[in-house]
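Student: Prediction below, plus the sequence it came from.
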Amino acid sequence: MPDAALQQDAAEMAKFVVGLGNPGDEYAPTRHNLGYMVLEALAARWNVGRGRRMRGAQVLNARVPGPGRRPRRVVLVRPQEYMNRSGKAVRDVAAFYRVERQNMLIVLDDMALGVGRLRCRAGGSAGGHKGLADVVAALGGEDVPRLRIGIGSPPNGMDGADFVLQPFNADEREMIRKAIELAAQAVEDWVFKGIEYVMERYNRKEDN
């Protein structure tokens, strides 16, 4: 579809979901790529095709059916730069679709959460996550919703930068599979019910 037609179509677009990760097969199974994994689950859930490459990102357009509601249009975005340089692609695609920060959801991994735990926030600091920090800086404000998925903390003696590039171990894989499914449901709930509903339903009480 030509860019002009895409922009006209984008007027209907309600939501913009960004999955953070690193491009390349060697990074695909690593802890740092949970954002990518959730977007893959959403694409399968919503029967979305391969999408297109534009402005430094892989972009997939979805029309998501909702129970008792008209379908909502959602843009799934996977920046194709390395994690710490994700911001420009997010900013450029968001500008193309004319999406406000409050209508975005950034999906990412978090070392501060136990494996498989979810935490959703309407905004705030990047909390040490360099990919999120780059996105926040590029968008010009911290008021962008984010859904964090726990990957656990590094074992004693391992640097965090090395830990996030490790795959999940055998004991964690089932927890992560379930967390990806739960995160995909949380994203869909955000699309139709909003950030407050998702925070109330998916954040554990001790996180509030």
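Tutor: In hand now; what should we look at?

Student: For this structure, which helix or strand comes out least confident on mean pLDDT?
Tutor: helix 3-10 (a mean of 48; mean pLDDT, DSSP states H and E).

Student: element containing the nearest residue to Pro65 once chain neighbours are set aside?
Tutor: Closest residue in space to Pro65, ignoring its immediate chain neighbours: Pro71 at 5.0 Å, by CB to CB, 6 or more residues apart in numbering. For every residue, glycine as well, the C-beta is placed using N, CA and C. Element membership for Pro71, per DSSP states H and E: strand 69-79.

Student: same question, Val191
Tutor: Per DSSP H and E, the secondary structure element for Val191 is helix 173-193.

Student: Alpha carbons only: can I get that helix in CSV?
Tutor: Provided in CSV are the C-alpha atoms of helix 173-193 (Å, rounded to 0.1, in the frame of the first residue of the first chain):
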residue,chain,number,x,y,z
ARG,A,173,10.9,-22.1,29.7
GLU,A,174,7.4,-23.2,30.7
MET,A,175,7.0,-20.1,32.9
ILE,A,176,8.1,-17.9,30.1
ARG,A,177,5.7,-19.6,27.6
LYS,A,178,2.8,-18.9,30.0
ALA,A,179,4.1,-15.3,30.6
ILE,A,180,4.1,-14.6,26.9
GLU,A,181,0.5,-15.9,26.5
LEU,A,182,-0.5,-13.8,29.5
ALA,A,183,1.3,-10.7,28.2
ALA,A,184,-0.5,-11.1,24.8
GLN,A,185,-3.8,-11.2,26.6
ALA,A,186,-2.8,-8.1,28.6
VAL,A,187,-2.0,-6.3,25.4
GLU,A,188,-5.4,-7.2,24.0
ASP,A,189,-7.1,-6.0,27.2
TRP,A,190,-5.1,-2.7,26.9
VAL,A,191,-6.4,-2.3,23.4
PHE,A,192,-10.1,-2.6,24.4
LYS,A,193,-10.2,-1.7,28.1
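
Student: Quick check: next helix or strand after it?
Tutor: Taking DSSP H and E, what comes next after helix 173-193 is helix 195-202.

Student: one step back: and the very next helix or strand once past the least confident helix or strand of the chain, what does it pack onto?
Tutor: With elements assigned by DSSP H and E, the helix or strand that comes after helix 3-10 is strand 15-19. Applying 3 or more CB pairs under 8 Å, 6 or more residues apart in numbering; DSSP states H and E, we find strand 15-19 packed against helix 34-45, strand 69-79, helix 87-97, strand 104-110, helix 173-193.

Student: and if we set it to 7 Å?
Tutor: helix 34-45, strand 69-79, helix 87-97, strand 104-110 (3 or more CB pairs under 7 Å, 6 or more residues apart in numbering; DSSP states H and E).

Student: Good, wrapping up.
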